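> Here is the input, now give the coordinates:
(chains A and B)
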There are 2 protein chains.
Amino acid sequence: LGSPNGYGHYDTARLTEFHTALDAARDSMYTRAERIPLDQLAQWSADPDSGNIRHASGKFYTIQGVDVSVAGPAGTRQWHQPIINQPEIGILGILVKQFDGVPHYLMQLKAEPGNINGIQVSPTVQATRSNYTRVHGGNPVPYLDYFRERDRHRVIADVRQSEQGSWFLLKRNRNVIIEVAGDVPVLDGFHWLTIQQIHELLQVDDLVNMDARSVLSCLPFLDLMPATMALDRDERVLSLIRSWSGDRRSVHDTADLLSWITDVRTVTDIEVHDAPLNRLPQWRYGADVISHETDRFFDVIGVRVEAGGREVGRWDQPMVAARHVGLAAFVVARFDGVLHVLVGMRVEPGFADVAEIAPTVQCTPANLDHGDIARPPFLDVVLDAPEDRVLYDTMLSEEGGRFFQTRNRYVIVEVDEQLEHPGFRWMTLHQLTELVRHSHYVAMQARTLLACTATLATTRDGAAR
Amino acid sequence: LGSPNGYGHYDTARLTEFHTALDAARDSMYTRAERIPLDQLAQWSADPDSGNIRHASGKFYTIQGVDVSVAGPAGTRQWHQPIINQPEIGILGILVKQFDGVPHYLMQLKAEPGNINGIQVSPTVQATRSNYTRVHGGNPVPYLDYFRERDRHRVIADVRQSEQGSWFLLKRNRNVIIEVAGDVPVLDGFHWLTIQQIHELLQVDDLVNMDARSVLSCLPFLDLMPATMALDRDERVLSLIRSWSGDRRSVHDTADLLSWITDVRTVTDIEVHDAPLNRLPQWRYGADVISHETDRFFDVIGVRVEAGGREVGRWDQPMVAARHVGLAAFVVARFDGVLHVLVGMRVEPGFADVAEIAPTVQCTPANLDHGDIARPPFLDVVLDAPEDRVLYDTMLSEEGGRFFQTRNRYVIVEVDEQLEHPGFRWMTLHQLTELVRHSHYVAMQARTLLACTATLATTRDGAAR
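All right, here's what the predicted structure looks like:
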């Protein structure tokens, strides 16, 4: 693919070639995942005492239980749940290179067992810590050396970011973007895409994977956007560009926002203790599957995988499978011509630092039916938004290496009212982007939405198509 | 003190009145601390199994042991040590108010049992978490309401900062600076001082306490400095102001510095496990005192305190007493007219996030005599600096509530060479100040030196006197 010399990139305006390659890859690269009972997973076994599920090698990850209590000014909540314990910090990396002055991002077509559709668009590199800290020995992960030899290239972003704190205990990945100047050979399954092209793909259901979205959220978008983008654009796009630039007034000073975050993290006490997986109150620990007694939230399931393509193999693994589709939404509004995003802070047991910035709305609507979980603020603002105020609405998958066919509907809704709520703050994209430079501020779902917000500047009203 | 209406402040240029008040306070406010054996501390007792020393109420703090191992590219280090376990996040706050357009800081004269000289200059408020999160009930800590009702005032800084990670396990305090507009009554023992006056006091041995230095390091110094400061100043002061402003080129991009920090925190594995205090290898656990078998590092001692002044009382407590005076130094140099500070990253067992930015040199020279600890890089640059290149050199005390007569010599040395070392980076004051806005980046000793670096702009060459 690409030009004959192997360093090709695409015409900025067309994705036809990419989609042809994607269709072809779906034939040659696949993972078939078959659900099997947990107690039949080869190489995985339950600890006789705790029931925690571990790999025979002691590597990869463990499914364990936790006992969580969260105390704050609003009262105390206490619950138990299964959680994935995978403390290793892996690397998620995207290579950038300018072709004719236009930045292109090297994206990988990658199949994961939990993907609902096999292949998704992934970062250049997804590697484990042992891959990238290894000083000696071979390098089986393509392009990894670019991320290990950072001082030979330009580092655009390099920050540890959390993953879902409701499902992962202290999981973080190092999100890295490196700009290279020299020739980069394009291996089979890799494609140079412009940011506009990636934004087009972000509007297709289940196509750009979670790891790619996470890394893209760390991109200082305005620095790398085509200089012509601000020309001939409508007022909404201008309000986005002003929001990224940081040179217009924001609703809150950054000092006030940092104080708000400090306050939530200081007045909230979260305690997370290990608990035996086989004795978690309200959870059914079956030989087949682990489920909540109300049939909500998620299951821990067993999967037998057969993979073909670059890596061929068979293995079994436990996975987390959400029971229902989730919803994550940004409510946005313009203040004095500057787009602002309404964000909350969310406390999750797996976070390294108590709470992180979360979307305006993040919930699983089906879980609310029992009436024992409070309806989140602004849920109806999102669900009842008139069609012409819905700026983005796409189903996206969570990480297919650990989550089985687990998806969220990601939505961006614009409102005119300058909504207020004590647990929420309006932030500019500049303020959010500055926080994403540092670890543990912005949660995965909010980072996905931040990456999706960027699509509004390049794919709306046709100017970039 | 102050003007007759009780809202007084001082002439910017003179500190005579303050020193008179300080002398008077030393007569009326005191703590007498007498060393007593650990096993005779009233209300404190050793756990029969672990030997850990706890208060009968379960409150305050515990002295426990830890087993530490640090593995990284340079190899593995492993050791045991006693440590103070005090997980609560207290508040350290300074009130700011403009008088005739000049910001003044409300500082408190406060006696602590570990202070070598009784009274030191302290923040407006040093309060525990239970003080400031209490919604109902009285308020025994003066001025605390300003820090609890932040939205009625201007928040200048509000960030959780680490304390000594070698002596405290996960200790953090919330460092807050609030600017108020209305009248503020000045209670006995409190004084409005300008930043120039505070900088004068920072050059007196053991006068400005550790908590005050920590909060002052969070001050966005350039925003609050007198507009006339840059006039008629020498090239060194201009290089400082350029360094704070962030509008001149720095040696490293901030993206590169963040990548360096991410890398250290990712490739270093630190494990800290509880260990019984009475069975720590290489430590002598005595009824009287706990000491290292080489008579280095620090002792855990018992102290009987009699305090007079605003709070009167008697109590016993264990404390940490360093065996020798430490050294903490910034090496600075000008690059294209911009002052830069050479900083390292230091891994300490009590840090929340692996490693924090540390001074160029931080060590206890006497501990090096055995030859089993490597001589730190740049130590001789600091010790051998010609007198006219030593910009700052003052003995300052560490926190007198936990540390008994424990002091460091803080030094700033200017060099002409643009020194290089793989474990160190040159940073501007703007870059350091931006990082201090976020938690867990800059360690206490580096924050003290950052506060001391500010003195170079206001107290050198006489212009501000």
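> How many residues are close by A:P37?
Residues near A:P37, counting by other C-beta atoms under 10 Å in any protein chain shown, number 12. Heads up, the C-betas are built off the backbone N, CA and C, glycines and all.
> confidence score at it?
Listed pLDDT for A:P37 reads 98.
> cool, A:G138 as well?
48.
> Against B:R447, how distant is the residue of the stretch 301-450 of chain A found nearest chain B?
Using C-beta to the nearest C-beta, the closest approach of the stretch 301-450 of chain A to chain B is made by A:H438 at 5.4 Å. Distance from A:H438 to B:R447, counting by C-beta to C-beta, to the nearest Å: 17 Å.
> The two: which has the busier surroundings?
Per other C-beta under 10 Å, whichever of A:H438 and B:R447 has more neighbours is B:R447, with 26 against 21.
> Might one say that the more buried one is in contact with B:S217?
Yes. If you go by C-beta atoms under 8 Å, B:R447 and B:S217 touch, sitting 3.7 Å apart.
> any common contacting residues for those two?
Here B:R447 and B:S217 have B:V436 as joint contacts, going by C-beta atoms under 8 Å, 6 or more residues apart in numbering or on different chains.
> Which secondary structure element is home to A:A25?
helix A:16-28 (DSSP states H and E).
> For that helix, name the packing helices and strands.
strand A:102-111, strand A:119-122, strand A:190-194 (3 or more C-beta pairs under 8 Å, 6 or more residues apart in numbering or on different chains; DSSP states H and E).
> same thing but 10 Å
Secondary-structure packing of helix A:16-28 (3 or more C-beta pairs under 10 Å, 6 or more residues apart in numbering or on different chains; DSSP states H and E): strand A:102-111, strand A:119-122, strand A:190-194, helix A:195-201.
> buried residues in that helix?
Residues of helix A:16-28 classed as buried by neighbour count (16 or more other C-beta atoms under 10 Å in any protein chain shown): A:18, A:21-22, A:25.
> for stretch A:201-209, same thing?
Buried residues in stretch A:201-209 (16+ other C-beta under 10 Å): A:201-202, A:206-209.
> And the pLDDT at A:T133?
Reported pLDDT for A:T133: 62.
> ah, wrong one, I meant A:L92
For A:L92, the predicted pLDDT is 98.
> hmm, the host helix or strand of it touching chain B?
Assessed by DSSP H and E, A:L92 sits inside strand A:90-99. Yes. Applying C-beta under 10 Å from any C-beta of the partner chain, one finds strand A:90-99 touching chain B at A:90-91.
> export that strand as PDB, just CAs?
This file holds the C-alpha atoms of strand A:90-99, laid out as PDB (Å, rounded to 0.1, in the frame of the first residue of the first chain):
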ATOM      1  CA  GLY A  90       2.800  -0.400  28.800                       C
ATOM      2  CA  ILE A  91       3.400   1.900  25.900                       C
ATOM      3  CA  LEU A  92       0.900   3.300  23.400                       C
ATOM      4  CA  GLY A  93       2.800   5.200  20.700                       C
ATOM      5  CA  ILE A  94       2.000   7.100  17.500                       C
ATOM      6  CA  LEU A  95       4.600   8.100  15.000                       C
ATOM      7  CA  VAL A  96       4.100  11.400  13.200                       C
ATOM      8  CA  LYS A  97       5.900  12.500  10.000                       C
ATOM      9  CA  GLN A  98       5.400  15.500   7.800                       C
ATOM     10  CA  PHE A  99       4.700  14.800   4.100                       C
END
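> Report the buried residues of it.
For strand A:90-99, by 16+ other C-beta under 10 Å, it's A:90-97.
> Could you do stretch A:240-253 as well?
In stretch A:240-253, counting by 16+ other C-beta under 10 Å, buried: A:240-244, A:246, A:250-252.
> now stretch A:143-154, how far from the chain's geometric center?
Centre-to-centre, stretch A:143-154 and its host chain are 23 Å apart (C-alpha atoms, centre = their mean, to the nearest Å).
> my bad, stretch A:281-295
With C-alpha atoms, centre = their mean, you get 27 Å for stretch A:281-295.
> What is the end-to-end distance of it?
End-to-end distance of stretch A:281-295 (C-alpha to C-alpha, to the nearest Å): 14 Å.
> what do you get for stretch A:387-404?
Span of stretch A:387-404 from end to end, C-alpha to C-alpha: 31 Å.
> Could you check the angle the helix or strand following the helix holding A:A25 makes with strand A:102-111?
Next helix or strand after helix A:16-28 toward the C-terminus (DSSP H and E): strand A:30-36. With axes from the mean of the first three to the mean of the last three C-alpha atoms, to 10 degrees applied, the angle from strand A:30-36 to strand A:102-111 works out at 40 degrees.
> quick one: strands adjacent to strand A:30-36?
Using DSSP bridges, strand A:30-36 pairs in its sheet with strand A:298-308 (antiparallel).
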